[in-house]
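**Q** All I have is the shape, not the residue letters:
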């Protein structure tokens with residue numbers, strides 16, 4: 001697959017194949033129904049069938065977020081499903097931070113994303129100290145990432161608070 005590192009694909013290959021299946025479903029659905037907007041409700045029903053252990057975390061105007069588990073590693077991941085713009089925006093935000101410090105502040109986004117799907121690490125909900133929140137905000141300002149760094153957008157991953165959702169300025 002062009003643009004995807006082989007190690008990442010084999011790491012979560014089953015999830016990636018399911019994401020490609022979702023992409024195919026969305027493309028066909030939009031073409032058959034002659035719609036332009038992303039079909040959140042229909043895709044969510046389809047995903048419940050495809051990922052039996054998934055739980056819906058939330059849904060916004062552009063993305064639906066579901067908890068899924070990696071079969072190979074028993075790792076908790078998030079599947080973000082939404083229109084192309086929303087997925088590209090999340091990737092741009094993540095890629096804006098330099099590679100050496102990216103995973104220190106931001107939850108890892110795996111390389112095996114597709115047109116309508118994105119996999120990201122997910123952690124536990126927890127309180128963040130004011131000092132850590134201030135540090136995350138400074139980092140966001142520096143790299144022109146805009147979103148209110150609050151408890152809803154930060155999760156505890158591997159014992160450290162990391163941003164799971166942010167937007168570009």
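**A** In hand now; what should we look at? As the structure is a computational prediction, the values presented were derived from the model and not from experiment.
**Q** all contacts plus neighbour counts: C-alpha atoms, from now on.
**A** Noted.
**Q** Looking at residue 108 now. What's its pLDDT?
**A** Residue 108 carries a pLDDT value of 91.
**Q** For it, what are phi and psi?
**A** Torsion angles at residue 108 (phi, psi; degrees, to the nearest 10) stand at phi -60, psi 130.
**Q** Now do it: how many residues are near it, please.
**A** Residue 108: 19 surrounding residues under other Cα atoms under 10 Å.
**Q** Low-confidence stretches in the chain?
**A** The chain contains residues with pLDDT under 70 at 1-11, 71-74, 146-148, 168-169.
**Q** At which residues are the strands of it located?
**A** 55-59, 63-69, 76-82, 117-121, 145-146, 154-157, 160-163, 167-168 (DSSP state E).
**Q** Turn the ones you listed into a markdown table, including distance to residue 127.
**A** Converted to a markdown table, those look like this (distance: least, Cα to Cα, whole Å):
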| stretch | distance to residue 127 |
| --- | --- |
| strand 55-59 | 18 |
| strand 63-69 | 20 |
| strand 76-82 | 20 |
| strand 117-121 | 18 |
| strand 145-146 | 21 |
| strand 154-157 | 9 |
| strand 160-163 | 9 |
| strand 167-168 | 21 |
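**Q** can you put those strands in CSV and add mean neighbour count and distance to residue 92?
**A** Formatted as CSV, these follow (neighbours: other Cα atoms under 10 Å; distance: least, Cα to Cα, whole Å):
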stretch, mean neighbour count, distance to residue 92
strand 55-59, 14, 20
strand 63-69, 21, 16
strand 76-82, 24, 15
strand 117-121, 23, 12
strand 145-146, 18, 10
strand 154-157, 22, 18
strand 160-163, 23, 14
strand 167-168, 16, 8
